[in-house]
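**Student:** sequence first, predicted model second:
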Amino acid sequence: MTRAQSPPSRLARAHHHCRAHQLTLTPIRSLVLDLLNEVRTPIGAYRLGHQLEQELGRPVAPPTVYRALKFLCRAGLAARVEHCQGWVLRETPGDTSGFALLVCNGCGEVRELACPQIREDFLRLARSRDFEPGACLMEVSGACASCQEP
C-alpha cells in the first residue's frame, strides 16, 4: 500500500511556479516570499521591511520591499489586499486574472477563490457601459466559518 502524498505547500507551489516560468527569485524576493508564507493574515510592507532587516541584520529601504512585492504580484505569487493594505501569499500561484480574495473581518484570514468567469462577466458588463476597465480587483469582506456567530 502506498502512502498518499500530502499536497505541496503554498511555498513549494510558488517555487515550482518560478522554476516552470523561468522567474528569478533574488535573495530578497525569496525572503519576502518566505515571510509571506509564515503569516496567514495580510502583512504590511513596513512590517515586512522590519522583518527583512531582522533576518538580514542590516537596513532595508522601503523601495526594496515594494519592488519585491511588485515582482511577486506580477508573477502571480502574492496578492495585495486593499481592504487592509497588506499582502498575502497566493494559494494558487500563476494566473492573476481570475481570482477573488475573501477577507474575514474577524480574524483577518484571507482565502483565495478562483472565479475567472465572474471576472470576465464583470469586465464585459463594464465595457457594455462604455467603460474600459484597467485593473480589476475582486475582494469580498465578511466572516469566515470560524468567526460567524452560531
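**Tutor:** On my side now, so go ahead.

**Student:** which stretches of this structure have low pLDDT?
**Tutor:** Filtered on pLDDT under 70, the chain yields the residue ranges 1-8, 96-97, 150.

**Student:** the domain parsing of it - what is it?
**Tutor:** As assigned by automatic domain parsing, the chain contains the domains 10-89, 99-142.

**Student:** contacting residues around the spatially closest residue to Leu72 that is not a sequence neighbour?
**Tutor:** Sequence neighbours aside, Ala78 is the residue nearest to Leu72 in space, at 3.8 Å (criterion: CB to CB, 6 or more residues apart in numbering). C-betas here are computed from N, CA, C, even on glycine. Shown in contact with Ala78 (CB atoms under 8 Å, 6 or more residues apart in numbering): Val32, Leu33, Leu36, Leu69, Leu72, Trp87, Val88, Leu89, Arg90.

**Student:** in helices only, show me those.
**Tutor:** Mapping those onto helices (DSSP state H) picks out Val32, Leu33, Leu36, Leu69, Leu72.

**Student:** show me which of these is closest to Thr26.
**Tutor:** Among these, Val32 lies closest to Thr26 (CB to CB), at 9.5 Å.

**Student:** now do the contacts for the closest one.
**Tutor:** For Val32, the contact set (CB under 8 Å, 6+ apart) comprises Leu48, Leu52, Val65, Ala68, Leu69, Leu72, Ala78.
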